[in-house]
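1. Kindly generate the corresponding structure for this input.
(one chain, ligands or ions: 3)
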Amino acid sequence: MKLSLYTDDLREASVDLVALGVFSDEPDRGLAFSQLNAALNGVLAQACKDEDFKGKAGQTVVVNVAAPGGARRVMVYGYGPRDQYTAESARRFAGTAAKVARKVGAATAALQLAVFDAPDDPESVLMLVQALAEGVELGYYRFDTYRRRETSENRLEEVHVAFAAEDVQGLKGAALRDAMRKGQRVATAVAFARDLINSPPNDLTPNELADRARAMAKKNELACKVLSARDLERQKMRLHLGVGQGSRNEPRLIHLTYTPDDKNRSDRVVCLVGKGITFDAGGLSLKTSEGMMDMKIDMGGAAAVLGAMEAVALTRPGCVVHGIVGAAENMPDGNAIRPGDVIEGKKGITVEVLNTDAEGRLVLADALAYAQELKPTDLIDLATLTGACMVALGRLTAAAFTDHEDMASDLQAAWVTSGESFWRMPLNPELQEQLKSDIADIKNIGERWGGAITAALFLKAFVEEGTRWAHLDIAGPVSAAKDQGHIQKGGTGFGVRTLLAYIERVSG
Ligand code: BES
Ligand code: MN
Ligand code: MN
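-> Ligands and ions are numbered 1, 2, ... in the order given. Take a look at the predicted model:
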């Protein structure tokens, strides 16, 4: 869709949908609302009253109007209290407006920007404009690849971001347009990740995941290397191979590299590692039918890494970034790994596999070993690793594990910027003994309690002491149960925006 700036009077906007947000603790609803309401002879205030609209976060009223300027509908959206307004509020507002636009078949829309209380901070205005662009694009996202009937037309052609002149004082039009364009680029990368997650597992095999990564890399001028099963053999990546050996769809390792222009190159080398299980049946430790119903999402870590690589390619931050994906399909078969097998991976650590459904950590162990040969200054893995993590934190929040305090604070700053929900969890060394094997160096499961932590501790055993390493368990937020704001039911692309924010932060 086309995004443009709109500096004229909102009352004059000749669009199919006007969207504006209001704060629950501002009873007069602000200037834009009162002006528009007056021009419409009070129908907005009346509709809000009829619908018991209080401006609570996410509350929405849509009114059909015949505005003198030509507008056909107005959406009034609640931001909640003014002091809780963030870029994420703006993103959700824009996402909701896009969904309303889709529902009513709007081709043109105008979104009113709300700035912070101190409008003299130009950086914050640009951040909000970027968030609006992300929100409207992502809120309009649909996964229609497999629909032959009832496909939804993309009718929304032009979206105006509307400003009050005093809110953007000191900002050039070019800077505002750059912020919109950046938001659209980020949304492109998140949509790429969503498409991968939403794709069915009969089509999105490890090889297909590699093909899609290669095509994206080619389009965006990233270096791309794909390792076949034979290459993995040469690399002694037998844990990764072991997970894939019960499937006819051979495993792959995908390695993308972004290199910045020399002039703005910092000495940071960020390495992102993603779990890419294209389907997790559990292997011989077979899941229940219910348990495997949604297991195409088990490559959500890989999707986040590949999405982040596209975001990096499109926005060009100043450090080297590697994206590594361990792709495999975990199936039961006469050739599958057995509970009880002992496998030695790339790192030379022997693993007793007591549960073949704890496969993500096996693939990641080899992928982390591969990544460390690239001498990263920052190593981050993302995985839909444990159901236990969802029990602990629910469906909206991801777990962040790291022993490095400076990395923890950089990560936290990144997730505050992105608005994605994370919570730090401990790597209790006391739990390590749960992973002691009777016959090998380590076993791949601990006891039931603290399952997300023992999974993280398992990974830690494969990371060189002192490495700035973090493990992000995204099992919950990788997919959404319902449409909301900029989120669409299904794959969310969670992680892409936080990774980009992290990379931008550490590359200076
Ligand atoms: N992919 C699953 C984790 C998962 C479960 C992600 C539900 C999203 C939703 C992972 O491979 C797995 O099966 N983990 C087991 C580990 C157990 C066998 C130690 C789990 O969480 O039950
Ligand atoms: Mn599993
Ligand atoms: Mn899994």
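
2. Just want the residue of the protein that's nearest ligand 2.
-> Closest to ligand 2 within the chain is residue 357: 3.8 Å, counting by C-beta to the ion. In short, each C-beta sits where N, CA and C put it, glycine included.

3. now that residue: how far from residue 401?
-> 20 Å (C-beta to C-beta, to the nearest Å).

4. So what touches stretch 176-191?
-> 3, 5, 125-127, 129-135, 137-138, 141, 161, 163, 168, 307-308, 310-311, 314-315, 493, 496-497, 500 (C-beta atoms under 8 Å, 6 or more residues apart in numbering).

5. Any chance of a PyMOL selection covering the buried ones in those?
-> Buried residues among those (16 or more other C-beta atoms under 10 Å), as a PyMOL selection:
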select buried, resi 3+5+125+126+127+129+130+131+132+133+134+135+137+138+141+161+163+168+307+308+310+311+314+493+496+497+500
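
6. Just the contacts of stretch 176-191: which are in strands?
-> 3, 5, 161 (DSSP state E).

7. Which residues are in contact with the last one?
-> The contact partners of residue 161, by C-beta under 8 Å, 6+ apart, come to 3-6, 110-111, 113, 129, 132-133, 176, 180.

8. do the same with the second one
-> Residue 5 sits next to 160-161, 163, 173, 176-177, 180 when contact means C-beta under 8 Å, 6+ apart.

9. Now the two most distant members of those.
-> 160 and 173 (13.2 Å; C-beta to C-beta).

10. Looking at the two, which has the bigger crowd around it?
-> residue 160 (21 against 10; other C-beta atoms under 10 Å).

11. what's the burial count for the residue nearest to that one when sequence neighbours are not counted?
-> Nearest non-adjacent residue to residue 160, counting by C-beta to C-beta, 6 or more residues apart in numbering: residue 6, 3.5 Å away. Look at residue 6: counted by other C-beta under 10 Å, it has 18 neighbours.

12. Then the one 5 residues further on?
-> When counting by other C-beta under 10 Å, one arrives at 17 neighbours for residue 11.

13. residues near the residue lying closest to it once chain neighbours are set aside, how many?
-> Leaving out its chain neighbours, the residue that sits closest to residue 11 by C-beta to C-beta, 6+ apart is residue 39, at 4.4 Å. Neighbours of residue 39 under the rule other C-beta under 10 Å: 19.

14. Which pLDDT value goes with residue 39?
-> In this model, residue 39 is scored at 95, pLDDT.

15. now do residue 167
-> Reading off the model, residue 167 has pLDDT 84.

16. Contacts only, for residue 363.
-> Contacts of residue 363 by C-beta under 8 Å, 6+ apart are 239-240, 243, 251, 275-277, 326, 328.

17. what about 10 Å?
-> Residues in contact with residue 363, defined by C-beta atoms under 10 Å, 6 or more residues apart in numbering, are 237, 239-244, 251, 253, 273-277, 301-302, 325-328, 330, 345, 383.

18. could you say which helix or strand contains the residue of the stretch 101-250 of the chain found nearest ligand 1?
-> Relative to ligand 1, the nearest point of the stretch 101-250 of the chain is residue 243 (9.7 Å; C-beta to the nearest ligand atom). Assignment of secondary structure by DSSP states H and E places residue 243 within helix 238-244.

19. Can you tell me the SS state at residue 68?
-> coil (DSSP: H, G, I helix; E, B strand; the rest coil).

20. What is the burial count for it?
-> For residue 68, using other C-beta under 10 Å, the count is 11.

21. Per-residue pLDDT of it, please?
-> Note for residue 68: predicted pLDDT of 87.

22. tell me the strands in the stretch 301-450 of the chain, going along the chain?
-> Under the criterion DSSP state E, counting those that start in this stretch, strands of the stretch 301-450 of the chain are mapped to 320-330, 341-344, 350-353, 378-383, 398-402, 422-425, 442-443.

23. Burial check on residue 347, number of neighbours?
-> For residue 347, using other C-beta under 10 Å, the count is 21.

24. That's all I had, so thanks and see you.
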